[in-house]
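>>> what's the 3D shape of this:
(chains A and B)
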Protein chains: 2
Amino acid sequence: MKRVTFLLVGMLAVAGVVASSGPASGKTDEQASPIYGIAIPPGYRDWKLISIAHEEGSFNDLRAQLGNDIAIEAYRKGTLPFPDGAIIAAIHWKYVPSEVNNKAFGRAQSFVAGPTTNIQFMVKDSKKYAATGGWGFADFTDGKPANEATLKNCFGCHEPLKAQNYVFTHYAP
Amino acid sequence: MKRVTFLLVGMLAVAGVVASSGPASGKTDEQASPIYGIAIPPGYRDWKLISIAHEEGSFNDLRAQLGNDIAIEAYRKGTLPFPDGAIIAAIHWKYVPSEVNNKAFGRAQSFVAGPTTNIQFMVKDSKKYAATGGWGFADFTDGKPANEATLKNCFGCHEPLKAQNYVFTHYAP
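Below is the predicted model:
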């Protein structure tokens, strides 16, 4: 029985369905996001693509949003609100010109993903995060979670998007 | 034995490992790319993310590169040349400002993926495509393959990138 449970947990982890919420075994408290207690979900880099974006200004980045299977299914079916267990990951990379691409195109027009700046997660748990629209927020730079003051700002920006269940990103076909 | 083969093919298809190369059963010739005989690989939209980019100029798009399991493994291990069976998909979307995002950030700075413009594929088969660096090329707009004249231009752009096995995109961590 123990072995079956272990295998099941392993399979769920591989499928990217399990989010580490709160201090997971083998992880220290320092690795979890303040306020919401969210650690970096294992295997998130393997998740399917939701969409991509470019932010100018002080962000100056290229960003991709990935979703775990629950989030992707909800996006593709148009399910709102997102069901509990949905996780959206946002990877932000520096916005970097590509000399190689520009040479091929014969014109300075190409910008690619440079070094990672930070990664963010939204975790849906309608009970645990009832005060913030059912979403918990996390932000990591070099594996270190953003501080409480930063995290307190998350929901303020997402709150006007109630009609989209507080999510900015639309699915790109 | 038949059933085992069927299951294996089914599993490979789910894993996105199989590319339809040439006129596949149930597909018409019109759906395959000229010169290289490449049809749209089933399930490519579920593949893992390689990287993203923004092209200005006449492209004016946001683009994401996805890879099948063989391509992703090669990228992550730094395997060059890419092994046979590797497929890289590039999805191009119109570069569209996001009013909703701009409102949240208080500044016109946000651009997101709009409607799909075209999708492209590079399929590695060192024997079949020996004349073009081992890569076959395909480009589809609304499911229709680009014509022979367009496809003839592909390798010319990729050829200078011999050191990267003729691939523009680097893996974004």
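
>>> where does chain A come near chain B, residue by residue?
A:45-46, A:48-49, A:51-57, A:59, A:62, A:64, A:66, A:91, A:93, A:95, A:98, A:100-101, A:103-105, A:107, A:109-113, A:116, A:157-158, A:160-161, A:168-170, A:172-173 (CB under 8 Å from any CB of the partner chain). No exception for glycine: its C-beta is placed from N, CA and C like everyone else's.

>>> Give me the pLDDT value at A:P81.
As predicted, A:P81 sits at a pLDDT of 98.

>>> do you know how far it is from A:S51?
19 Å (CB to CB, to the nearest Å).

>>> of those two, who's got more company?
Neighbour comparison, A:P81 and A:S51: the larger count goes to A:S51, with 23 against 17 (by other CB atoms under 10 Å in any protein chain shown).

>>> Name the SS class of that one, please.
Here A:S51 is strand, with the state taken from DSSP: H, G, I helix; E, B strand; the rest coil.

>>> how many other residues sit next to A:E159?
12.

>>> Sorry, wrong one. I was asking about A:G106.
For A:G106, the count of nearby residues is 9 (other CB under 10 Å).

>>> quick revisit: looking at the residues of chain A next to chain B, which are in helices?
With DSSP state H as the criterion, helices contain A:V100, A:N101, A:K103, A:A104, A:F105, A:C157, A:H158 from among those.

>>> just the buried members of the residues you listed?
For those, a burial check counting by 16 or more other CB atoms under 10 Å in any protein chain shown picks out A:N101, A:A104, A:F105, A:H158.

>>> Could you pull up the residues touching the residue of chain A most remote from its centre?
Most distant residue from the mean C-alpha position of chain A: A:G106, 35.5 Å away (CA atoms, centre = their mean). Listed by CB atoms under 8 Å, 6 or more residues apart in numbering or on different chains, A:G106 has no contact partners.

>>> likewise A:G136?
By CB under 8 Å, 6+ apart, the contact set of A:G136 is A:S21, A:S33, A:I35, A:Y36, A:G37, A:I38, A:M122, A:V123, A:K124, A:D125, A:K128, A:Y129.

>>> Please identify which helix or strand holds the nearest residue to the second one once chain neighbours are set aside.
Excluding the flanking residues, the one nearest A:S33 by CB to CB, 6 or more residues apart in numbering or on different chains is A:A138, at 3.5 Å. Secondary structure assigned from DSSP states H and E places A:A138 in strand A:135-141.

>>> So which bits of that strand are buried?
A:W135, A:G136, A:F137, A:A138, A:D139, A:F140.

>>> just the residues you listed now: which is nearest chain B?
Chain B lies nearest to A:F140 out of the buried residues of strand A:135-141, by CB to the nearest CB, at 13.1 Å.

>>> Please consider this matter closed, and thank you.
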